[in-house]
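Participant: coords below, sequence missing:
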């Protein structure tokens, strides 16, 4: 039994030696069995790998999306909040620019009339306690504003202060049917009373039946005793029509106000003014007028042998231009 076991051991050793020599010989001849085995394995397993990848890749991406969803949603919310802030900033800047434009205009008008004013923003329109046409401003008695003070915009008169608190005031607009103000015509100095009609049109009644009034006349405030409620010389409006029918004891006219009461963002309350009207009428600054200069096209000279009929007739001849210059 021991001899049989020894023979098997020697046979196994011989087989191992022969196998080793076989692999060494193949390796010396450049045959790489490992590489070939790897290539065969890849060929066999590649379809299986692709199938497994196609099955499990969407699952992996899904869990990856879930992982990044919170981060993406936070970034989206941050962008939306930034967008809202930018929109609010644009709106605020536009509002500030409009208020500065109106403030510049009203201060310019006050400066030309030597008025001391307190500027204020319009914070509300209308009155909760009545049907009167009013606005509320954000300055009051703490700023020196009192009742029966004249209120102007960049274009002229808009109303009068009725009531005040320490930080606000209510202004009765000149369009209110209860509003009355004494005015004078800049051209003829005739005096009359202007009444509100609830719109941008106003009724004017001259106190002197023989006073002179015509379309296009400018109206200014006539002023009150002690400059309350109205200071003199504030632009009011322009006459658009005159009722010159015979048989009436007084002359009446329709007036359009200079100020647009529907476009009030910043106003000024006149807290101090000269006791006499300005010697030069104070009028709103007109919008600049663009002048267009048209240069006529030169007339070509006749070439020798050409006839006058070959020259196109211009729309305006030089003689007509010379006549206009004279």
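Facilitator: Ah, there it is. This is a predicted model, so every value here is computed, not measured.

Participant: mind checking how far residue 140 is from residue 227?
Facilitator: 19 Å (C-beta to C-beta, to the nearest Å). (C-beta placed from N, C-alpha, C; glycine too.)

Participant: now swap in residue 154 and tell me
Facilitator: Taking C-beta to C-beta, one finds residue 154 at 21 Å from residue 227.

Participant: please apply the same query to residue 235.
Facilitator: 16 Å.

Participant: of the two, which one has the most company?
Facilitator: residue 235 (23 against 19; other C-beta atoms under 10 Å).

Participant: strands along the stretch 101-250 of the chain, start to end?
Facilitator: For the stretch 101-250 of the chain, the strands defined by DSSP state E, counting those that start in this stretch occupy 116-125, 134-137, 150-153, 156-164, 169-173, 180-185, 191-196, 201-206, 218-221, 235-243.

Participant: pick the most deeply packed of the ones you listed.
Facilitator: For the strands of the stretch 101-250 of the chain, the largest average neighbour count (mean count of other C-beta atoms under 10 Å) is found in strand 150-153, namely a mean of 27.

Participant: model confidence over that strand, on average?
Facilitator: Mean per-residue pLDDT for strand 150-153: 93.

Participant: ditto for stretch 82-94
Facilitator: Stretch 82-94 shows a mean pLDDT of 65.

Participant: also stretch 175-183?
Facilitator: 95.

Participant: and the contacts of it?
Facilitator: 132-134, 157, 159-160, 172-174, 191-200, 202, 204, 219-224, 230, 236, 257, 261 (C-beta atoms under 8 Å, 6 or more residues apart in numbering).

Participant: 7 Å instead, please
Facilitator: With C-beta atoms under 7 Å, 6 or more residues apart in numbering as the contact definition, stretch 175-183 has outside contacts at 132-133, 172, 174, 191-200, 204, 219-222, 230, 236, 261.

Participant: can you show me the helices along this structure?
Facilitator: In the chain, the segments counted as helices under DSSP state H are 2-28, 33-112, 318-325.

Participant: how close does residue 192 get to residue 257?
Facilitator: Counting by C-beta to C-beta, the gap from residue 192 to residue 257 is 15 Å.

Participant: chain neighbours aside, what residue packs nearest to residue 165?
Facilitator: residue 140 (4.9 Å; C-beta to C-beta, 6 or more residues apart in numbering).
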